[in-house]
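K.L.:
here's a sequence, model it:
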Amino acid sequence: MSIARVRSTVQLHSQANSTAPLVESLGAGRPVDILEDQGDWLKVQASHSGHEIPGWVPREALAFPVVDDLFPRVKTEFGGSVSAVTHSLKAEVLREWSKSPQNELKWVPDNVWGEVPAGERVEFNKKIRSVLDAHQLEWDAWLADLETQGRLGEAGVEEWLATLQGGSDIWTVRHEMIYPDAAEKGPALGWVSPEDIMSWTGRARRNDKEEKYKLWYEVSLLKSGRMMKGWFKGNIVDPYIFPTEENDPANEANASRQFDLSTPILRHPADQEIEDAIAARRGAHQYIDIADVLGSSKIHNNLCGEFCVSALAGVNVIPFLKNWLDGYAGSNMQGILPEPIKVLKNNVGTGLSEVEFMLDVCGIWHEEFRYTPSISPVTPLRLKRLIDEGKLIYWGVAIFKLGGRLSGKSTSNTTRHWIVLEDVMAVGNSGWVRIYNPFYNREEIYNYNYFMDSVGQFGLGLLVEGWKRNRISSGKGTNADMM
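P.N.:
Coordinates of the predicted model:
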């Protein structure tokens, strides 16, 4: 019995033909077991409210798990791995590398490749070359086609892999249409939603006559009994990474299985004041007394931004606050930024400009990060690529006022809050995220879609340097020896 996923809305039939009576309607992404295979038709079984529902669907209505990546994978610092040949790697880069005797994989992030011993680097080199040698005819034919199209410098390796494997599954980051040709002009064949799983042949075409969307993919999708075969905007799709029972984001119980939180990615602040807040049961570990900074007792309830910067810098909060005050006093920006002493005395939170200055005080590189669904969309895989490059994301989210957990969409019971996005796992057309949440000074795991609901429609934050900071396990110590 194998498990497949429904590509889009499909009707279960009582027999293996389209005229047979209907049994049930299944939505996109629904997992089903395969009971019988009659070629073009498959007998499947879906679960609903504790009941098993069997029926027949066309083979084209289902997506199936794919074979593992052809290329070897390189282990990352915290137990994950990345492909030794990233799928977004340009064909031209891999071609030039294959012609040279070098062992360096310059496209693998420095923080990952730098940890690979010299002997193992040679082995990675050999394994990649052996894959190209084993598929030399297909590789040469693909490169020749790209040269004819003038796309050698823009086409990614994912196109070749999709062609080599007879196609691959993709999903769209927003609702869009399939068109008969590689152009945004009617009549369109039909809508595709982010929940749908399209089949991509691997063929891509560039249309320079299009004002905005120049890259197009040849796709197909069976939806509500109608097959759509045509072209889709290639810039707004991502690979569909087939879920397993252990990582399916639809099952919230899977959250604890996705990341090992026993080794924190960032060093959590370890001030005595945090221990005091815990002992006093103040409601949040970040509700600390900053008397050592102000000279008089003050329980501050809005230090999420300061906690996040401290974690990124690998220092404790109290000495960081002192440095923040000293840095402000010696800066030439006093007419622009609100005085830190007002933030601390008035028990208020920090805006983006204050956060940027705090990061500057710690010497942490940063730049603005913003996503807009219709212009610059984000996905789990796109965020993961940023993290693999050595960046983390300092982001504002909505949390419940009581308990500090991310809330999804904002309500009257929520407030805005700073966190650090540390890692992402892409699964299906969703995934999982690992964050540092200063409310309880700990790491937490969330469903990706729920997390993005917490970020909000227009996600404004900062990309920050992630791998060159002091990334060590949380430890105990005095304020003096943590700065």
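K.L.:
does residue 460 count as helix, strand or coil?
P.N.:
Here residue 460 is recorded as strand under DSSP: H, G, I helix; E, B strand; the rest coil.
K.L.:
partner residues bridging it?
P.N.:
residue 370 (DSSP bridges).
K.L.:
tally of neighbours for it?
P.N.:
Residue 460: 14 surrounding residues under other C-beta atoms under 10 Å. Backbone N, C-alpha and C define where each C-beta goes, glycine included.
K.L.:
who touches it in this structure?
P.N.:
Shown in contact with residue 460 (C-beta atoms under 8 Å, 6 or more residues apart in numbering): 352, 368, 369, 370, 396.
K.L.:
repeat that with 7 Å
P.N.:
352, 370, 396 (C-beta atoms under 7 Å, 6 or more residues apart in numbering).
K.L.:
by pLDDT, rank those and give me the bottom one.
P.N.:
For the contacts of residue 460, the weakest pLDDT value sits at residue 370, with 84.
K.L.:
from residue 125, how far off is that one?
P.N.:
39 Å (C-beta to C-beta, to the nearest Å).
K.L.:
name the residue in the two with the higher neighbour count.
P.N.:
residue 125 (18 against 12).
K.L.:
go ahead and confirm the more buried one touches residue 104.
P.N.:
No: using C-beta atoms under 7 Å, residue 125 makes no contact with residue 104, being 8.5 Å away.
K.L.:
per-domain residue ranges of this structure.
P.N.:
2-63, 73-161, 165-239, 246-483 (automatic domain parsing).
K.L.:
quick one: end-to-end length of the third one, please.
P.N.:
Between the opening and closing residues of domain 165-239 we find a distance of 14 Å, counting by C-alpha to C-alpha, to the nearest Å.
K.L.:
run the chain-centre distance for that domain.
P.N.:
In this view, domain 165-239 has its centroid 22 Å away from the chain centroid, taken as C-alpha atoms, centre = their mean, to the nearest Å.
K.L.:
contacting residues for residue 8?
P.N.:
Applying C-beta under 7 Å, 6+ apart, the residues near residue 8 are 28, 196, 221, 222, 223.
K.L.:
the second one contacts residue 28, correct?
P.N.:
This points to residue 196. Yes: using C-beta under 7 Å, residue 196 is in contact with residue 28, at 5.0 Å.
K.L.:
who has more neighbours, these two?
P.N.:
Between residue 196 and residue 28, residue 196 has the larger neighbour count (other C-beta under 10 Å), namely 24 against 21.
K.L.:
what's the helix or strand for the more buried one?
P.N.:
Per DSSP states H and E: residue 196 is located in neither a helix nor a strand.
K.L.:
coming back round to it: who touches both of residue 196 and residue 28?
P.N.:
7, 8.
K.L.:
Provide a list of residues in contact with residue 364.
P.N.:
312, 313, 464, 465, 469.
K.L.:
quick one: which of these is nearest residue 130?
P.N.:
Comparing the contacts of residue 364 against residue 130 with C-beta to C-beta places residue 465 closest, at 36.0 Å.
K.L.:
hang on, isn't that closest one packed against residue 365?
P.N.:
Yes: contact criterion C-beta under 7 Å: residue 465 and residue 365 qualify, at 4.1 Å.
K.L.:
what touches both of those two?
P.N.:
Counting by C-beta under 7 Å, 6+ apart, residue 465 and residue 365 have no shared contacts at all.
K.L.:
of the contacts of residue 460, just say which sits nearest to residue 150.
P.N.:
residue 370 (32.3 Å).
K.L.:
most residues in a single strand of this protein, which one?
P.N.:
strand 414-427 (DSSP state E).
K.L.:
just want the most central residue of this protein.
P.N.:
For the chain, the residue nearest the mean C-alpha position is residue 380 (2.2 Å; C-alpha atoms, centre = their mean).
K.L.:
pretty sure it is touching residue 424, no?
P.N.:
Yes: Residue 380 lies in contact with residue 424 (C-beta under 7 Å); the separation is 5.1 Å.
K.L.:
need the overlap of contacts for those two.
P.N.:
Counting by C-beta under 7 Å, 6+ apart, the residues touching both residue 380 and residue 424 are residue 431.
K.L.:
where do the helices of the stretch 201-350 of the chain begin and end?
P.N.:
Using DSSP state H, counting those that start in this stretch, the helices of the stretch 201-350 of the chain run over residues 272-279, 291-294, 304-313, 317-329, 340-345.
K.L.:
most tightly packed of those?
P.N.:
Highest mean neighbour count among these (mean count of other C-beta atoms under 10 Å): helix 304-313, with a mean of 27.
K.L.:
chain center to it: distance?
P.N.:
Per C-alpha atoms, centre = their mean, the centroid offset for helix 304-313 relative to its chain is 22 Å.
K.L.:
how about the closest residue to residue 4 other than its chain neighbours, what does it touch?
P.N.:
The shortest distance from residue 4 to any non-neighbouring residue, by C-beta to C-beta, 6 or more residues apart in numbering, is to residue 62 (4.1 Å). By C-beta under 7 Å, 6+ apart, the residues touching residue 62 are 4, 5, 6, 7, 42.
K.L.:
do the same with residue 405
P.N.:
Here residue 405 is in contact with residue 399 (C-beta under 7 Å, 6+ apart).
K.L.:
now it: how far from residue 414?
P.N.:
Distance from residue 405 to residue 414, by C-beta to C-beta: 10 Å.
K.L.:
what residues are shared contacts of the two?
P.N.:
Shared contacts of residue 405 and residue 414, counting by C-beta under 7 Å, 6+ apart, come down to residue 399.
K.L.:
now for this structure, the helix or strand with the poorest mean pLDDT.
P.N.:
Least confident helix or strand, the chain: helix 110-113 with a mean of 78, by mean pLDDT, DSSP states H and E.
K.L.:
what's the burial count for the closest residue to residue 359 other than its chain neighbours?
P.N.:
Leaving aside its sequence neighbours, residue 359 sits nearest to residue 366 (C-beta to C-beta, 6+ apart; 4.8 Å). Using other C-beta under 10 Å, residue 366 has 21 other residues around it.
K.L.:
and residue 366, what pLDDT?
P.N.:
Confidence score, pLDDT, at residue 366: 95.
K.L.:
residues in contact with residue 208?
P.N.:
Contacts of residue 208 by C-beta under 7 Å, 6+ apart are residue 214.
K.L.:
quick one: residue 270 and residue 316 touch, right?
P.N.:
Yes: counting by C-beta under 7 Å, residue 270 touches residue 316, with 6.0 Å between them.
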